[in-house]
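A.B. asks: any chance you could fold what I've pasted below:
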Amino acid sequence: MSFTSVHNAHEKTIFDTVVATAPRYPALAGNAELLADVACVALNRLPPHYIRHSTDLAFFTTDRERETLQRSISESVDFAFGYVQARHVMAARR
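C.D. replies: Now for the predicted structure:
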């Protein structure tokens, strides 16, 4: 039995949002490891929503739910950038 088709519905949107937001954070933008940390922090701030196919999410989500989710994703990514950036600065001072 394979579960490779099961994934968190937020992953791609978070990854895309991290990439789009990265230029606003030049201290992190060029570091793939730190951007991965940002994605993890952002994902951990959202409730998981597992699906097998992206069409599942589109089919079962209302416009209002999509708007709310996009706002939550943006807020989570902004928080994550601030958090990772602060931790990165603190670590550099040691």
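A.B. asks: pull the helix or strand with minimum mean pLDDT from the protein.
C.D. replies: Lowest mean confidence among the helices and strands of the chain (mean pLDDT, DSSP states H and E): helix 54-60, at a mean of 73.
A.B. asks: chain center to whatever helix or strand comes next after it: distance?
C.D. replies: Downstream of helix 54-60, the next assigned helix or strand under DSSP states H and E is helix 63-93. The chain centroid and the centroid of helix 63-93 are separated by 7 Å, computed with CA atoms, centre = their mean, to the nearest Å.
A.B. asks: could you pull out the buried residues of helix 63-93?
C.D. replies: 69, 73, 76-78, 80-81, 84 (16 or more other CB atoms under 10 Å). From N, CA and C alone the C-beta is placed, and that goes for glycine too.
A.B. asks: repeat that for stretch 20-36.
C.D. replies: For stretch 20-36, by 16+ other CB under 10 Å, it's 21-22, 25, 28, 34-35.
A.B. asks: quick check: residue 46 touching residue 71?
C.D. replies: No - with contact defined as CB atoms under 8 Å, residue 46 does not count as touching residue 71 (11.3 Å).
A.B. asks: buried residues, the least confident helix or strand of the chain. List them.
C.D. replies: residue 57.
A.B. asks: ok, and what's touching it?
C.D. replies: For helix 54-60, the external contacting residues (CB atoms under 8 Å, 6 or more residues apart in numbering) are 9, 12, 49, 51.
A.B. asks: at 7 Å instead, please
C.D. replies: Contacts to helix 54-60, defined as CB atoms under 7 Å, 6 or more residues apart in numbering, come from residues 9, 51.
A.B. asks: output it as CSV, nothing but the C-alphas.
C.D. replies: Extracted in CSV, the C-alpha atoms of helix 54-60 (Å, rounded to 0.1, in the frame of the first residue of the first chain):
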residue,chain,number,x,y,z
SER,A,54,-5.3,19.4,-5.5
THR,A,55,-8.7,19.3,-7.2
ASP,A,56,-10.1,17.9,-3.9
LEU,A,57,-9.3,21.2,-2.2
ALA,A,58,-10.8,23.3,-5.0
PHE,A,59,-13.9,21.2,-5.2
PHE,A,60,-14.7,21.1,-1.4
